[in-house]
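Asks: here is a sequence together with a model predicted from it:
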Protein chains: 2
Amino acid sequence: MKFGFADRMENVKPSAIREITKLTQKPGVISFAGGYPAPELFPIEEMKQICSKVLDESGKEALQYTTTEGFLPLRKHIVERMRRFGVEISEDQVLLTNGSQQGLDFTGKLFLNDHDVIICESPTYVGAISAFRPYRPRFAEVAMDEGGMRMDALEQVLQENPGAKFIYTIPDFQNPTGITLEPERRKMLMALSARYQVPVIEDNPYAELGLEGERLPAVKSYDAEGAVIYLGSFSKIFCPGLRIGWIAAAPEITRKYVMLKQAADLQVNTMAQRELAAFVYTYDIESHIARIRDVYRARRDLMLKAIESEFPDTINFTNPGGGLFIWVELPEGADAANVFQKAIENDVAFVPGAAFYPNGGHENTFRLNYSNMSEEKIIEGIKRLGQVLKAL
Amino acid sequence: MKFGFADRMENVKPSAIREITKLTQKPGVISFAGGYPAPELFPIEEMKQICSKVLDESGKEALQYTTTEGFLPLRKHIVERMRRFGVEISEDQVLLTNGSQQGLDFTGKLFLNDHDVIICESPTYVGAISAFRPYRPRFAEVAMDEGGMRMDALEQVLQENPGAKFIYTIPDFQNPTGITLEPERRKMLMALSARYQVPVIEDNPYAELGLEGERLPAVKSYDAEGAVIYLGSFSKIFCPGLRIGWIAAAPEITRKYVMLKQAADLQVNTMAQRELAAFVYTYDIESHIARIRDVYRARRDLMLKAIESEFPDTINFTNPGGGLFIWVELPEGADAANVFQKAIENDVAFVPGAAFYPNGGHENTFRLNYSNMSEEKIIEGIKRLGQVLKAL
């Protein structure tokens, strides 16, 4: 049988990270490649209590179909959560999704015709590139510095790309760099969005994983005219296995996402919605998140210290204020893919950075994850990686 | 903010069924509108045991990310299940999806350019129409009779539509008609698929809900050259709230679906995958399904009997061999939407049939569901509906 695929399939390629992940499953490999949360922090005992409670109190409802928008008590909780970031919305502006990843797919579906322009940080989340690519966009990358997306560079890209469909940003502890968009730039971003009439997609799964001081107001908190579509997630503050994220947008925009969700897969797992709602109303999710932050802070500090002592001085790296990742830049001309080959021979892994640049280049970069490995493994893994880097 | 949506959004409309469902939530309404399974049959006690077991034995894994393809023991079980329908596949041909609905969305994404032709039964599943529409296809409908899609009509449509992307069929106890494709026509369908080189999408969520005699071989069991993409579901034989379905196709086709799944939402809920696997390996799902069949058989028989005694003689209806639905045809010129208005005033509901015809027309039809209402309500609801029909 000769299948006639859609043209968009030319843009759909196997994920680079996926291939790497396979290699990291070799026994003995210390992997800083994935973006997995620390499973030892999952609230397993609480989940057992909750599953019984949900099934006892509402088993028939929990196993049945439900509305596309999602379980109302959970959406009300999301409204409360977002208030802490300075965002005032109502529950009819919230749609539950299968993690924030599905929000990215729907965003592509909602906005993108072939060859439309997406403006994004350089580098940006590889999963967003994968989600958008089937809709055949062009990517206009905006340079970053230690304060996040550079606003002068953004304005230039906006001028060069009239009709760009949206600005995609991960403002807090960005994947892959760990960099955070400065508060002042958040206001400027919204001013530019209004001036050029280009909406903003705020993808913010790491918002609550700040490891220093106060949380910043969301970009959406500066949104006077409904221009920001916010994608949130419980994957990093609760667990990723339940696949629960959300979209929060202007009411008429949320309604469009609801139609896409209904056509695509009807709804999020009903029981998972009720489990998560039971968790947030029964237990103290804030102290749960505080515990995650404590563990990640120790791991980040340890990894940074190990990098400083083990890596050659010619190598630059970010100092993330939170999230899961440290970003490493080798000297110009070096190729992280070669480093990866040597590293995996020495049983340590990371993700080469080129995959995070939709238009290619930057082969001298790579991403390290510190959330998913024990302190012992962080020390040992960075030591191995340092040896590989020194040998090159 | 002026948003610039994708052209495909012109094809995305609020679901007719969704609007109807809202009306049916009025207290006192007996609704034959939805396609919900009977919640009193959900294995709630078993699920409690299973949730504890999964969390005790593999809590860290169950709450973590997993592979896109899905939990291997569950895929192995699916391979075994499909063997009973005469389908021989291996587990690397199986991808877990969020219900079979997601398989429909991915099928549109995989195959459809704007204006491509889909060949489908007339009428067909309204959720498939919704899933495909964002990919902007044209629908070529094939007339049905009591033996399912008519093969002479199919051949004519194939001749008239060279380059059609696929033939979409629900062969067993079709939604909405309850009609089953005769075994002989399954062979002819595959012969036509081969002759015209058009693949077949076999959407088969009701396969195991036959209420008489033996189960039929799947269309895919006649598939010699990997031309059939099979969409399966646990929603009707276990529960829909967990959102677990699957795609089974030729290995290279499954790999493409895996890439789409990864880009769209990474994976199905990990815990739900492990719960379902624990259920099928711990309990006897076959006797669970037998119990569902017994209940549905009694409800179907009762509804058919009530229709015969309560509906005017000018009205035709199908006699489904299984599944969840009976299809009703009013005399030519009647409008089921008007009947619906009168019916809802009398606290009884159904789905007007026009929504099941992608190219419109057939306003004189409607769909009745018998799986989700008690025997008392079936008797009372059909009586109310009979009164409405007689008054018109």
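Replies: The structure has been received and is ready for your questions.
Asks: can you give me the neighbour number for A:Glu332?
Replies: Counted with other CB atoms under 10 Å in any protein chain shown, residues neighbouring A:Glu332 total 7. No exception for glycine: its C-beta is placed from N, CA and C like everyone else's.
Asks: what of A:Glu310?
Replies: The number of residues packed near A:Glu310 is 17, by other CB under 10 Å.
Asks: these two touch, right, it and A:Glu380?
Replies: No - counting by CB atoms under 8 Å, A:Glu310 does not reach A:Glu380; the two are 10.4 Å apart.
Asks: if I pick the residue of the stretch 251-392 of chain A found nearest chain B, what's in contact with it?
Replies: Residue nearest to chain B within the stretch 251-392 of chain A (CB to the nearest CB): A:Thr270, separated by 3.5 Å. Listed by CB atoms under 8 Å, 6 or more residues apart in numbering or on different chains, the contact partners of A:Thr270 are A:Glu61, A:Ala62, A:Leu63, A:Gln64, A:Tyr65, A:Thr66, A:Phe71, B:Pro240, B:Gly241, B:Leu242, B:Arg243.
Asks: mind putting those in TSV, pLDDT, neighbour count and secondary structure included?
Replies: Putting the contacts of A:Thr270 into TSV (pLDDT from 0 to 100; neighbours: other CB atoms under 10 Å in any protein chain shown; DSSP: H, G, I helix; E, B strand; the rest coil) gives the following:
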residue	pLDDT	neighbour count	secondary structure
A:Glu61	97	17	helix
A:Ala62	98	28	helix
A:Leu63	98	25	coil
A:Gln64	97	21	coil
A:Tyr65	95	21	coil
A:Thr66	94	21	coil
A:Phe71	97	23	coil
B:Pro240	97	27	coil
B:Gly241	97	28	coil
B:Leu242	97	26	coil
B:Arg243	98	29	coil
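Asks: what's the longest strand in chain A?
Replies: What stands out as the longest strand in chain A, according to DSSP state E, is strand A:138-145.
Asks: and it, what's buried?
Replies: A:Phe139, A:Ala140, A:Glu141, A:Val142, A:Met144 (16 or more other CB atoms under 10 Å in any protein chain shown).
Asks: what's the answer for stretch A:360-375, then?
Replies: For stretch A:360-375, a neighbour-count test (16+ other CB under 10 Å) marks A:His362, A:Glu363, A:Asn364, A:Thr365, A:Phe366, A:Arg367, A:Leu368, A:Asn369, A:Tyr370, A:Ser371, A:Asn372, A:Met373 as buried.
Asks: backbone phi and psi for the fourth one, please?
Replies: Backbone dihedrals for A:Thr365, given as degrees, to the nearest 10, come out at phi -120, psi 160.
Asks: distance of the closest residue to it other than its chain neighbours relative to A:Val126?
Replies: Distances taken as CB to CB, 6 or more residues apart in numbering or on different chains put A:Gly353 closest to A:Thr365, at 2.9 Å, once the chain neighbours are dropped. Counting by CB to CB, to the nearest Å, the gap from A:Gly353 to A:Val126 is 10 Å.
Asks: please identify every residue contacting each of these two.
Replies: With CB under 8 Å, 6+ apart applied, the overlap between the contact sets of A:Gly353 and A:Val126 consists of A:Pro176.
Asks: got the contact list for the residue nearest to A:Thr365?
Replies: So A:Gly353 contacts A:Pro123, A:Pro176, A:Trp327, A:Val328, A:Ala336, A:His362, A:Glu363, A:Asn364, A:Thr365, A:Phe366, A:Arg367 (CB under 8 Å, 6+ apart).
Asks: take stretch A:193-211, keep the C-alpha atoms, and write them as PDB.
Replies: What follows is stretch A:193-211, C-alpha atoms only, in PDB (Å, rounded to 0.1, in the frame of the first residue of the first chain):
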ATOM      1  CA  SER A 193       3.000  43.000  21.900                       C
ATOM      2  CA  ALA A 194       0.400  45.900  22.000                       C
ATOM      3  CA  ARG A 195       2.400  48.100  19.600                       C
ATOM      4  CA  TYR A 196       2.800  45.400  17.000                       C
ATOM      5  CA  GLN A 197      -0.500  43.600  17.800                       C
ATOM      6  CA  VAL A 198       1.200  40.300  18.200                       C
ATOM      7  CA  PRO A 199      -0.100  38.000  21.000                       C
ATOM      8  CA  VAL A 200       2.200  36.300  23.500                       C
ATOM      9  CA  ILE A 201       2.300  32.600  24.500                       C
ATOM     10  CA  GLU A 202       3.600  32.400  28.000                       C
ATOM     11  CA  ASP A 203       4.700  28.800  28.700                       C
ATOM     12  CA  ASN A 204       5.400  28.700  32.400                       C
ATOM     13  CA  PRO A 205       5.800  25.200  33.800                       C
ATOM     14  CA  TYR A 206       8.700  26.200  36.100                       C
ATOM     15  CA  ALA A 207       7.100  29.400  37.500                       C
ATOM     16  CA  GLU A 208       6.900  27.900  41.000                       C
ATOM     17  CA  LEU A 209      10.400  26.400  41.100                       C
ATOM     18  CA  GLY A 210      12.300  29.600  41.900                       C
ATOM     19  CA  LEU A 211      15.100  28.800  44.200                       C
END
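Asks: show me what from the stretch 101-250 of chain A comes close to chain B.
Replies: Residues of the stretch 101-250 of chain A lying close to chain B (CB under 8 Å from any CB of the partner chain) are A:101-102, A:105, A:109-113, A:116, A:127, A:130-131, A:133-135, A:163, A:165, A:193-194, A:197, A:199, A:225-227, A:239-243, A:250.
Asks: any quick PyMOL command for the buried ones out of these?
Replies: The buried residues among these can be selected in PyMOL (16+ other CB under 10 Å) with this line:
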select buried, chain A and resi 101+102+105+109+110+111+112+116+127+130+131+133+134+135+165+193+197+199+226+227+239+240+241+242+243+250
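Asks: burial measure for the closest residue to A:Asp92 other than its chain neighbours, as a count.
Replies: Of all residues not flanking A:Asp92 in the chain, A:Pro251 sits nearest, at 6.0 Å (CB to CB, 6+ apart). A:Pro251 has 11 neighbours, counted by other CB under 10 Å.
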